[in-house]
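>>> Okay, structure incoming, though there's no sequence with it:
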């Protein structure tokens, strides 16, 4: 096999890895170029473990014929249940256990079909032989469980891959793995940023805004919510129930905020700090009200589910405020937080804490209410004038008109307003 096509493919992989091409494009382009240079591939599959709160890893497929398989797939934990059994019956598990980096498989060998899973599916697809690789990263190159690239290549040729084709795969697959690893690590960085910093904050950090003290002065709608009687519930339930309890209600809040265009900035015990921004602040405020409305729906569904399981339920208080904040990096050279600070942040937390005193699930500041359009202001009513602890001036606090909950016509009008 000529060396020139191999070098061209190596250069292509290097360039794609540097430019950050999507993984599906990488494996598709790799396989098509392998075919063009004489490697008789019929199917390729590559996967890597990753760092993600919901799944264990991601994989990518290519086939020389049309199939109903997706190019990309995600898989959950292989530590328990059927997934664990399937993993233990895989050729990759066998290779890790035995210390093999490479295996060649005759897919029609009865012993191969008996020992490893998925072989019958490959036979049914017309594939006859396989080449399997495990390329390990080493301790310094690993990230959590992402410590190697697994790949499986098949051919329809009756004699399998010849020695030239195997030699080419041995040279080329590690470069593909390196390009995929680069893309996977970038995706991990984005995922960890979104999960631990928030969506917008993560994008800011990944764009390079990481210098200590560099902040932006912005006007935002601020959200602060916390759970009702969470301390008492925490003392009454077992220690192993506390985290699931907090997670359930945090998910109800975060899902609503994200669905309505907000960004969650901090989880503080059972409290959540978020913000809504837009060129039109009226729109940002309506989005915050939409999120609060959706949050109540999420809580109602969650409480029904938890009550049916005999688990404790609660509700939440929400404070909304509009004000100027400093948004950016605060902390030391070794530990920074990308968040918002300023008097407005203190104010929205104080407003939320007043909910229990006035027995209302939602309170908004005067600044939030006066900045709404006239259609929105009619759905907010004053609960009285209050001096907030640590805030220098008294102000009216507003809540939703009680008729929204008792009058179907009013409720319908409010929901149509939120949907605008």
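Noted; the coordinates are in hand. In this text the structure is predicted, and so the values were computed from the model without any measurement.

>>> When you work out contacts or count neighbours from here on, use the C-alpha atoms and nothing else.
Noted.

>>> Burial check on residue 115, number of neighbours?
12 (other C-alpha atoms under 10 Å).

>>> And for residue 138?
Quick note: residue 138 (other C-alpha under 10 Å) scores 10 neighbours.

>>> Contact partners for it?
residue 147 (C-alpha atoms under 8 Å, 6 or more residues apart in numbering).

>>> do the one 4 residues further on as well
With C-alpha under 8 Å, 6+ apart as the criterion, the residues that contact residue 142 are residue 148.

>>> Recalculate using a threshold of 10 Å.
With contacts defined as C-alpha atoms under 10 Å, 6 or more residues apart in numbering, residue 142 is in contact with 50, 136, 148, 181.

>>> And for residue 370?
322, 376, 377.

>>> and it, what are its phi and psi?
phi -70, psi -20 (degrees, to the nearest 10).

>>> where's it relative to residue 346, distance?
20 Å (C-alpha to C-alpha, to the nearest Å).

>>> count of residues packed around residue 289?
20.

>>> Can you give me the domain boundaries for this structure?
3-195, 209-418 (automatic domain parsing).

>>> Show the contacting residues for the most centrally placed residue in the chain.
Most central in the chain under C-alpha atoms, centre = their mean is residue 191, positioned 5.5 Å from the mean C-alpha point. By C-alpha under 10 Å, 6+ apart, residue 191 lies in contact with 51, 52, 53, 185, 197, 198, 199, 202.

>>> Recalculate using a threshold of 8 Å.
Counted by C-alpha under 8 Å, 6+ apart, residue 191 has contacts residue 52.

>>> next one: the one 10 residues further on
When contacts are counted by C-alpha under 8 Å, 6+ apart, residue 201 is found next to 193, 194, 265, 338, 339.

>>> Tell me the buried residues in the helix or strand containing it?
Here residue 201 sits within helix 199-206, counting by DSSP states H and E. For helix 199-206, a neighbour-count test (16 or more other C-alpha atoms under 10 Å) marks 199, 200, 201, 202, 205 as buried.

>>> so how far is the next helix or strand after it off the chain centroid?
For helix 199-206, the following helix or strand on the C-terminal side (DSSP H and E) is strand 215-227. Distance of strand 215-227 from its chain centroid, counting by C-alpha atoms, centre = their mean, to the nearest Å, is 22 Å.

>>> What average pLDDT does strand 215-227 get?
With pLDDT averaged residue by residue, strand 215-227 scores 93.

>>> Which secondary structure elements does it sit against?
strand 271-276, helix 281-308, strand 316-331, helix 343-353 (3 or more C-alpha pairs under 8 Å, 6 or more residues apart in numbering; DSSP states H and E).

>>> Give me the angle between the longest one and strand 316-331.
Here helix 281-308 runs at 120 degrees with respect to strand 316-331, directions being taken by axes from the mean of the first three to the mean of the last three C-alpha atoms, to 10 degrees.

>>> For helix 281-308, enumerate the helices and strands it packs against.
Using 3+ C-alpha pairs under 8 Å, 6+ apart, helix 281-308 sits against strand 215-227, helix 239-259, strand 271-276, helix 408-418.

>>> buried stuff in it?
Applying a neighbour-count criterion of 16+ other C-alpha under 10 Å, one finds 281-292, 294-296, 298-300, 302-303, 306 buried in helix 281-308.

>>> List phi and psi for residue 111.
The phi/psi pair for residue 111 (degrees, to the nearest 10) is phi -70, psi -40.

>>> how near is it to residue 332?
From residue 111 over to residue 332 (counting by C-alpha to C-alpha), the distance is 60 Å.

>>> Could you do residue 356 as well?
In terms of C-alpha to C-alpha, residue 356 sits 36 Å off from residue 332.

>>> Also residue 15?
In terms of C-alpha to C-alpha, residue 15 sits 37 Å off from residue 332.

>>> and those two? which has more neighbours close in?
residue 15 (13 against 10).
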